[in-house]
Each structure stands twice: as structure tokens, then as C-alpha cells.
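# pasting a predicted model and its sequence here:
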Amino acid sequence: MFGDDQVEALELGQASPEDEFGQCFTGECRVNLLPTLYRLNAVISQSPDPGESLGMILKTMRSEMRMERGTVSLMDRRRGQVFIHQSFGLTAEEESRGVYAMGEGITGKVAETGRVIIAPRLHESPDFLDRTGAHAGESRRRVAFVCVPIMLGKRVLGTIGGERSYLNQRLLKQDAEFLAAIALMIAPTVELYLIANVEKLELERENRELRDALRERFKPGNIIGNSKAMMADVYDLIGKVSKTRATVLILGESGVGKELVASAIHYSSDRAAKPFVRFNCAAIPETLAESLLFGHEKGAFTGALASRKGLFEQADGGTLFLDELGELSPSVQAKLLRVLQDRTLERVGGSTPVQVDVRVIAATNRELVRMVAEGRFREDLFYRLNVVPITVPPLRERGSDIILLADHFVAKACKAMEKSVKRISTPALNMLMAYHWPGNVRELENVIERAVILSDDEVIHAWNLPPSLQTARESGTTLGLGLEEKVRLVESEMIVEALKTTQGNIGQAAELLQVSRRVLGLRMGRLGIDPHRYRASA
Ligand SMILES: Nc1ncnc2c1ncn2[C@@H]1O[C@H](COP(=O)(O)OP(=O)(O)OP(=O)(O)O)[C@@H](O)[C@H]1O
């Protein structure tokens, strides 16, 4: 159907025994493809819904061409990008990653040039990016990829891409010809669709970008810390449970990062494109909690002027994060148990069961086992929730993470406040390390934010930290010392910091400290500070 000049990359070679097998196998399919083409044509020309036609194309690629993955990508002219609009064989997350600039990757190249690309060995193609991530961790088995442009005149409107186990080159070329015929048929429909759906597509793109931003914010990579406790007890489990839909119970003191862990599980799971809804069980009065979670029908109570979906229904297909679970009232506990058991709920004032598909992740800083023993938390609900418990260790048990987290929060605060802080002084680091952090990571974040505000010389000093950290036990420094000795310590630290900043340059250090070079020399002598120790080459 098309000559080699229209094909970008195709290696034609000798037929192999493998080819013979492939030929009889797909040979049958080829015979069936003609009626398929007619059927497709009928749907495309008669269906008022272009989405249905695109769906039919993918269905044909999967069931009749026996492809393993297929994509229909559309042009976003305003951004100069092509993005996956519909697909099969990809998760929602993989699909949302499929955005290519013109000329980028195989799809971007087809969109830019309007030429067919056939890659008999996808993994060896120089243009192969695996932008969707669908091939991550896959063995380099022989996968072939065919990508054809959807064109109207000389304008590219999108692409159709299909992937299959390699059979032989001749049949691969036939695949491309078949897809090109489909692309030709669908082009006018795609043109109308693009015109009629400019706004919808723009919204789709915004959603995609928002999802990417959220994923970036919550991906496990953004949970800072390499301590053994986190590696063994937390990251490993996040990886394992993300692949399942099991209910997860996250335990740990307040401020250790339980919500961050819940988000990481959601955004690494195949529910990532669906909602992540958070509910704080402690913040809402009992009567309101029930209708917020399960929804209500019109007239269910005074003021219920219209029926409303609850958070469970809003999270359908995604994840509901129940924070501070220990605070749930007995009646809400009973209703929650029913949803977990039957996956159905009844709105307040309603009698019709509503089906929901929601993964529940719950978190608490309370000792649920004790609450069960004391009859304050339902035992049956506890066992339903405690399928996979993850305990996030307190910050004081993650010693090596403190510095990493502090650096991370310095960078975060600097960005938010458009300030520059280059480092944390050694005495300040010692104080951060020695403190017992009852408020955990949240407290550390607040402490650093305050210190960044107070710092006026691009360094966080001990005196920029709050008084709670300035005790003798934590800092091992000044408590019990007289005024003279304290002044001496502060003076000494300021001089050392200035020398570190200027790499031992006395003139610049004096300038920073706003004293003359002579005064600084005298004070260094009195305090026994040797500037040579801070020279770059020292
Ligand atoms: N490992 C981490 N890396 C980066 N930021 C973290 C980490 N752990 C916690 N944080 C940050 O610390 C703050 C508190 O975390 P989070 O709200 O997840 O704690 P929590 O355990 O759910 O607290 P609570 O029990 O009070 O609800 C948040 O701003 C969070 O982003």
C-alpha cells in the first residue's frame, strides 16, 4: 500500500523459520482483516460519537490484530505536543505519562514528519524512550512497534501506535499498512473531534498536568530519608502494597509522615489517576461525619435540602484516607465496617444500597489495640483494617534522616520565601541531632522554616533555632554558663561561621561581621581561633 519512501525505519531481511510460523499464524488474521475494515468503516461513518470510533479501532487492534498494546494519540497544537488520548495495555498512570514534544520519541517523530515508523526491535530503536514507563523492568524480549500518522491532507492530527511480539518483517509491514488504512478512514472524524473538543482536550491536558504535579509531590521518591528504619519498615511495604488493593493501616506518632505515606501508596498504585480523598476523623463532629462520609438523601435531616454524595462515593475508583481513625464514633465505625465488608453503603436517610470501589487507607497515632481491649474501638473493624499495618518510626529513631530532612526543608522554605540559605552551621546541626523531636518531622519542618526566616547571612546558626532546642541537655552548650562565657561562645561561633563562609579570608570575614580587620585579628587571638584552618586548601 505504501512504498518504502513513506516508511522511516524498516529493516527487510530474509524470511526465517520463525517467519513461516508467523505467516500462517497471522495469515489467518489477515484474511479476517478485510471484513474488519468494512465493519470499522461502517462504525466510523455512522457513529455520532468519535470516541466510540477510536475505541473500536483499539478493540480491533487488540482482538483481531492481536496486538499487546495500542494507543491513539492526538495533537495538542497550542503546546506543540502529541499525547495519548486512548489506549489499551497501559495503566491510567502510564497513559498519562505519554506526552511527546514534536520529534520526541517514535510517536513524536511520526507526528512531526507524517511518516510511518516500523521498529522491528523496539528496545534497540534509538528513538525509543519508554516515556510511559510500560517497559520498565521488562526483559528485552523481541517487541516490535508500528506507528502511523493520522493525516488530513498534509496536516498531522495524531498517531496510531501498536505493539506486538515480533513475528516477521513482512507481516509487520502489513500491520502498518492496515493501521495506515484505518488512520485514513478516521482522519475526518478526528478533525471534527479536535475542533469540537478544544475545551475538553484542554481540560484533559490540565488534569494530566495536575496529576503529574501531584504524583511528583507524593511519589515515594519525595519521602526524604534513607535511615534503616524507614527502608525496612516503610519503603519496602509501600512498594509491596501499592501493587494490591489491600486495606492499609498506618501507625505512628503525630507528625511522622503518615499522610505522606498514604499519598505515596495511592500515587504509586494503579488508582493514581483517580481521586485521593482525605478525611480527618477528629476534626468533624459525629453527626456531620456520617453524612460527610456516606452522603445523605434530600430531607434526611433539617437542612438537607438536596441529596449529596459522600466522600466514599467521591473517591470511587480511588483511595479514601481516613486520618486519626481512633476518633471515629461507634455508629460510624459500624457503617465503615459494612463498606469494607460488602463494598456497599447507604446514604443517611436512604435505603438503596450504593456500590463503591474504594481502597481505604487509615492512620492513627492512638494505640488501637488498647482501645479495642477497652471496648472503645470495634474489634471486628480493627481486624478488617489491620490487613497490612505499616508503622512509621518516630524521628528520634531515624537519626541519619534528621540532616537530610533539615536540608530538604531549608531548600523548600528558601524556595517558598525566595531567600537564600547556603548551609546550617555545625553547632546548629549538633543541636538538631541532639534534640528528641516530640513533634517529629512536622516540628522539624516548623523549626527550619522559622530559622530560615530569622537567618540574615545565608547560614542557619544555633541562635536561629527556638529556645526548646537551646537547653544544655539537647545542645550540650550554654545552660549554666554566666553571661561572659555565653557571649564568648556566641562570639566564637560567629567568627568561625564567617571564616567558613569566606574560606578563611580574614578581610572578607571582618566585612561580614562588620568589624575592622584589626579587631577581628585581636578577637581571634583572644579566642584561640586559627583562620588557616578554614582556608580552601587546608
Ligand atoms: N519523610 C518525609 N519527607 C519529607 N517530608 C516529610 C516526611 N515526613 C513528614 N514530612 C512532612 O512533615 C509534615 C507532617 O507529615 P504528615 O502530615 O504526613 O504527618 P502525620 O503522621 O500524618 O501527622 P498526624 O498524625 O498529625 O496527622 C508534612 O508537611 C509532611 O510533608
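Here it is on my side, so go on. Numbers count the residues shown, from 1 in each chain.

# nearest to the ligand: which residue in the stretch 251-400 of the chain?
Nearest residue of the stretch 251-400 of the chain to the ligand: G257, at 2.6 Å (CB to the nearest ligand atom). To be clear about C-beta, it is placed using only N, CA and C from the backbone, and glycine gets the same treatment.

# quick one: that residue and R442, what's the gap?
8 Å (CB to CB, to the nearest Å).

# the two: who's more crowded?
Neighbours around G257 and R442, counted as other CB atoms under 10 Å, are more numerous at G257. The numbers are 24 against 14.

# what's the more buried one in contact with, if anything?
Applying CB atoms under 8 Å, 6 or more residues apart in numbering, we find G257 in contact with I223, V392, N440, V441.

# in TSV, list the residues you listed along with secondary structure.
Putting the contacts of G257 into TSV (DSSP: H, G, I helix; E, B strand; the rest coil) gives the following:
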residue	secondary structure
I223	coil
V392	coil
N440	helix
V441	helix
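
# shaky segments in this structure?
Scanning the chain with the threshold set as pLDDT under 70 gives 1-32, 137-141, 198-206, 208-221, 303-304, 471-482, 485-486, 536-538.

# pull up the residues of it that are close to the ligand.
Counting by CB under 6 Å from any ligand atom, the chain comes close to the ligand at 223-225, 252, 254-260, 323, 363, 365, 405, 441-442, 445.

# leaving out sequence neighbours, find the closest residue to L454.
Using CB to CB, 6 or more residues apart in numbering and skipping the chain neighbours, the partner closest in space to L454 is N464 (4.4 Å).

# likewise for S242?
Excluding the flanking residues, the one nearest S242 by CB to CB, 6+ apart is S268, at 4.0 Å.

# over to V99?
Per CB to CB, 6+ apart, closest to V99 is F83, 4.5 Å.

# how about stretch 134-152: buried residues?
A134, H135, V143, A144, F145, V146, C147, V148, P149, I150, M151 (16 or more other CB atoms under 10 Å).

# actually stretch 293-312, not the one I wrote
In stretch 293-312, counting by 16+ other CB under 10 Å, buried: L293, F294, G295, H296, E297, A300, A304, R308, G310, L311, F312.

# return the member of these nearest to R338.
F294 (9.6 Å; CB to CB).

# wait, doesn't the closest one sit right on G310?
Yes. F294 is in contact with G310 according to CB atoms under 8 Å; the separation is 4.3 Å.

# which neighbours do the two share?
L345, R347.

# what domains does the record give for the protein?
4-210, 219-393, 420-534 (automatic domain parsing).

# need the ones you listed in TSV with distance to V410, can you?
Output for the domains of the chain, formatted as TSV (distance: least, CB to CB, whole Å):
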stretch	distance to V410
domain 4-210	27
domain 219-393	12
domain 420-534	5
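
# ok, now how distant is the residue nearest to S242 from K274?
13 Å.

# contacting residues around V372?
Neighbours of V372 in contact, by CB under 8 Å, 6+ apart: R378, E379, F382.

# and L444, by the same measure?
L395, I402, L405, A406, F409, L432, W437.

# ok, those vs the ligand, which is closest?
L405 (5.9 Å).

# off-centre distance for the helix or strand hosting L179?
Secondary structure from DSSP states H and E places L179 in helix 169-196. Put simply, helix 169-196 sits 33 Å off its chain's centre (CA atoms, centre = their mean, to the nearest Å).

# where along the stretch 101-250 of the chain do the helices fall?
Remark: helices assigned in the stretch 101-250 of the chain by DSSP state H, counting those that start in this stretch are 105-113, 169-196, 198-218, 228-230, 236-242.

# packing partners for the one helix or strand V277 maps to?
Secondary structure assignment for V277, by DSSP H and E: strand 276-280. Judged by 3 or more CB pairs under 8 Å, 6 or more residues apart in numbering; DSSP states H and E, strand 276-280 is in contact with helix 258-267, helix 311-314, strand 319-323.

# mind putting the ones you listed into JSON lines with distance to T352?
Converted to JSON lines, these look like this (distance: least, CB to CB, whole Å):
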{"stretch": "helix 258-267", "distance to T352": "29"}
{"stretch": "helix 311-314", "distance to T352": "13"}
{"stretch": "strand 319-323", "distance to T352": "21"}
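
# contacting residues around whichever residue of the stretch 101-250 of the chain sits closest to the ligand?
Nearest residue of the stretch 101-250 of the chain to the ligand: I224, at 3.6 Å (CB to the nearest ligand atom). Contacts of I224 were listed using CB under 8 Å, 6+ apart, and they are D401, L404, L405, H408.

# so which of the residues you listed wins on neighbours?
Result: D401 is most packed of the contacts of I224 (other CB under 10 Å), 21 neighbours.

# got the phi and psi for the closest residue to it other than its chain neighbours?
In this structure, D401 finds its nearest non-sequential neighbour in G225, 3.7 Å apart by CB to CB, 6+ apart. Backbone torsions of G225, given as degrees, to the nearest 10, read phi 130, psi 130.

# wait, G225 sits on G399?
No. The pair G225 and G399 fails to qualify as a contact (CB under 8 Å) at a distance of 10.5 Å.

# neighbour count: these two, which is higher?
Legend: neighbour count by other CB under 10 Å for G225 and G399, higher for G225 (20 against 12).

# neighbours around D456, how many?
9.

# surely it is in a strand?
No. Counting by three-state DSSP, D456 is not part of a strand but coil.

# can we start the residue count at 51 from this point?
Sure, I'll start numbering at 51, so the last one becomes D506.

# how close does S137 get to A461?
37 Å.

# more neighbours: which of these two?
S137 (20 against 13).

# can I get whichever helix or strand the more buried one is part of as CSV, trimmed to CA atoms?
In this assignment (DSSP H and E), S137 forms part of strand 131-138. Extracted in CSV, the C-alpha atoms of strand 131-138 (Å, rounded to 0.1, in the frame of the first residue of the first chain):
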residue,chain,number,x,y,z
GLN,A,131,2.8,18.2,21.7
VAL,A,132,1.1,14.9,20.9
PHE,A,133,-0.4,13.0,23.8
ILE,A,134,-2.0,9.6,24.3
HIS,A,135,-5.8,10.0,24.2
GLN,A,136,-7.0,6.4,24.4
SER,A,137,-5.1,3.2,24.8
PHE,A,138,-5.2,-0.4,25.8
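
# what packs against it?
helix 100-113, strand 119-126, helix 142-147, strand 149-151, helix 155-163, strand 205-215, helix 248-268.

# now tabulate those in a markdown table and tack on distance to D225.
As requested, the helices and strands packed on strand 131-138 are arranged in a markdown table below (distance: least, CB to CB, whole Å):
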| stretch | distance to D225 |
| --- | --- |
| helix 100-113 | 9 |
| strand 119-126 | 11 |
| helix 142-147 | 21 |
| strand 149-151 | 21 |
| helix 155-163 | 14 |
| strand 205-215 | 7 |
| helix 248-268 | 28 |
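
# would you turn those into JSON lines with mean neighbour count and distance to L222?
Formatted as JSON lines, these follow (neighbours: other CB atoms under 10 Å; distance: least, CB to CB, whole Å):
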{"stretch": "helix 100-113", "mean neighbour count": "18", "distance to L222": "14"}
{"stretch": "strand 119-126", "mean neighbour count": "23", "distance to L222": "15"}
{"stretch": "helix 142-147", "mean neighbour count": "19", "distance to L222": "23"}
{"stretch": "strand 149-151", "mean neighbour count": "19", "distance to L222": "22"}
{"stretch": "helix 155-163", "mean neighbour count": "23", "distance to L222": "14"}
{"stretch": "strand 205-215", "mean neighbour count": "22", "distance to L222": "8"}
{"stretch": "helix 248-268", "mean neighbour count": "14", "distance to L222": "31"}
